[in-house]
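J.: give me the fold of what follows.
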Amino acid sequence: QVQLVESGGGLVQAGGSLRLSCAASGRTFSKYSMAWFRQAPGKEREFVAVITGTAHRINYAESVKGRMHIVRDDTQNMVHLQMNSLKPEDTAIYYCAARETPAIIPRTRTSEYEYWGHGTQVTVSS
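T.: Numbering: from 1, shown residues only. Got it, this is the predicted structure:
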């Protein structure tokens, strides 16, 4: 069983930055694909960014490319999402997700992740 705990959300003005963190349990964290998803009010949960285990292949949603960066620290069982140039449309609950099943190709669908955190709220004011 993998437990995920997100932190770092908050209220920020448009153009500002936030850094989200996700702490994970699990003895084989380095092999997990780790991803961030988000869900805005009234909308479905959507993919934001992913970094695979071992090879550290990365993929981003088109809407965040160039503004958000995912990094992982396998020594600390942590994954981070650096969010820059934030926009009001980035407002959402951000969820950390882990995929224990090996994946060579970065996975971007919610159904492809076995474990989820409870989420952290990010609010961007205009």
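
J.: wait, isn't residue 91 in contact with residue 122?
T.: Yes - the pair formed by residue 91 and residue 122 meets the contact definition of CB atoms under 8 Å, at 6.3 Å. In this view, the C-beta of every residue, glycine as well, is placed from N, C-alpha and C.

J.: in terms of neighbours, single out the busier of the two.
T.: Neighbours per residue, other CB atoms under 10 Å: of residue 91 and residue 122, the larger number sits with residue 122, 22 against 18.

J.: and the more buried one, which helix or strand is it part of?
T.: Under DSSP states H and E, the secondary-structure element containing residue 122 is strand 120-125.

J.: report the central residue of this protein.
T.: Centre of the chain computed as the mean C-alpha position; nearest residue by CA atoms, centre = their mean is residue 36, 1.9 Å away.

J.: am I right that that one falls within a strand?
T.: Yes - residue assignment for residue 36, taken from DSSP: H, G, I helix; E, B strand; the rest coil, places it within a strand.

J.: next one: it from residue 115, what distance?
T.: Taking CB to CB, to the nearest Å as the measure, residue 36 falls 13 Å from residue 115.

J.: which neighbours do the two share?
T.: Here residue 36 and residue 115 have residue 97 as joint contacts, going by CB atoms under 8 Å, 6 or more residues apart in numbering.

J.: circling back to that earlier point, wait, isn't the residue nearest to the centre of the chain in contact with residue 97?
T.: Yes - at 7.4 Å, residue 36 counts as touching residue 97 under the criterion of CB under 8 Å.

J.: strands along this structure, start to end?
T.: Along the chain, counting by DSSP state E, strands occupy 4-7, 10-13, 18-24, 33-39, 46-51, 58-60, 68-73, 78-83, 92-99, 115-116, 120-125.

J.: on that earlier part again, please enumerate residues in contact with the strand holding residue 122?
T.: Judged by CB under 8 Å, 6+ apart, the contacts made with strand 120-125 from elsewhere in the structure are 6-14, 16, 18, 20, 38, 83, 86-94.
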